[in-house]
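Trainee: After the sequence you'll find the predicted model.
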Amino acid sequence: MIGFLGQIGQKLADRWVALVAMPGLLYVVAVTVAAVLGQDHALSYPDLSRKLTAWAAGPTLKSPGGAAILVAVVLVGSVGAGLAATAGGRVVEATWTLSGRHVPARWLAGWRRDRSARLKEIADTSADPAVVRRAIERADRICVIEPDCPTWIGDRLRACHVRIDKAYGLDLPSAWPRLWLVFPDAVRAELGAARDGFSAAARLAAWSVLYLLLGFWWWPAVPVAVAAGATAMVRGRLATGNLADLIEAAVDLHGTDLAARLGDRPSVTPETGGRLTTRMRKDRWDPDSPLAD
């Protein structure tokens, strides 16, 4: 048991170093270079080498105490930057998945909905198959259902819920904890990897913001921020599509297992899904629920 726990601890430590400490250390290096060179000599390697050599030759770093303090400062700075990026990633995830209920998100959602409606009208009224095909492709790039969120990412995840509800009458948020217990380990691993990919893209977007802020003191950080931000958006969309597809596939393949485990007939139809949803929601506002007031 001790060896098993030690292996788990090692894996967690390796993961923590890869996700938090190493990117944080790179950011600390960038901050150090920015502090040494500034804007006027941002790419001057001779200035950087001369100043760092003079600093390393100083009495502070030659003493064991000074070296220990420097190492501690670097470690704290790396961890602090990594934790800031992790927290920022959570904010990015929340921003990507905003609903369209409040302004200005409602304005963006309305704009996306109007674009989708125009394309749907073209697809419904045009007699040219090529025009219909292009309109459908463009509408699906906006959202695979009618848009209701300000971002593509938010709508893709929302579409996952809506399509499962329409297909099976199953409320995904209520069913998901039970489905998770029914899924085989391989399915859980695939879903976990897809979720990790989504979080990693959000963290990269947060790093791009941190490098953009550093650009006020050192302009080479700006192109790094732009590249990281563009990469984060591409990776975020890919990870979202992959996660949504896997969620729908998992429900398609294992929804009947959930029905069987809950004592219903081994098929998921809108009627079955409705009964299971009523049972899992346990909502006092649902007139069919045994908890109804």
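Mentor: Right, received. Where do you want to start? Residues are numbered from 1 along each chain as shown.

Trainee: Could you list every helix and strand that the lengthiest helix in the chain packs against?
Mentor: Ranked by number of residues, the top helix in the chain under DSSP state H is helix 221-261. The contact analysis (3 or more CB pairs under 8 Å, 6 or more residues apart in numbering; DSSP states H and E) places helix 221-261 against helix 22-37, helix 64-96, helix 152-168, helix 172-182, helix 185-214, helix 270-281. Any C-beta I mention is one placed from the backbone N, CA and C, and that applies to glycine too.

Trainee: Which residue ranges make up the domains of this structure?
Mentor: 85-100+152-293, 109-148 (automatic domain parsing).

Trainee: picking up where we left off before, columns mean neighbour count, mean pLDDT and distance to Ser49 on top of the helices and strands packed on helix 221-261, output as TSV?
Mentor: What follows is those, written out as TSV (neighbours: other CB atoms under 10 Å; pLDDT from 0 to 100; distance: least, CB to CB, whole Å):
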stretch	mean neighbour count	mean pLDDT	distance to Ser49
helix 22-37	18	86	10
helix 64-96	15	84	18
helix 152-168	20	89	44
helix 172-182	16	91	55
helix 185-214	18	94	21
helix 270-281	19	76	64
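
Trainee: Including distance to Ala239, could those helices go into TSV?
Mentor: Formatted as TSV, those follow (distance: least, CB to CB, whole Å):
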stretch	distance to Ala239
helix 22-37	18
helix 64-96	10
helix 152-168	9
helix 172-182	18
helix 185-214	4
helix 270-281	28
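
Trainee: wait, which of those is closest to Arg106?
Mentor: helix 152-168 (12.6 Å; CB to CB).

Trainee: between that closest one and helix 221-261, how many degrees?
Mentor: 10 degrees (axes from the mean of the first three to the mean of the last three CA atoms, to 10 degrees).

Trainee: Would you mind pulling the contact partners of helix 152-168?
Mentor: Residues from elsewhere that reach helix 152-168 (CB atoms under 8 Å, 6 or more residues apart in numbering): 96-99, 112, 142-145, 147-149, 170-173, 236-237, 240-241, 243-244, 247-248, 251, 255, 268-270, 272-273.
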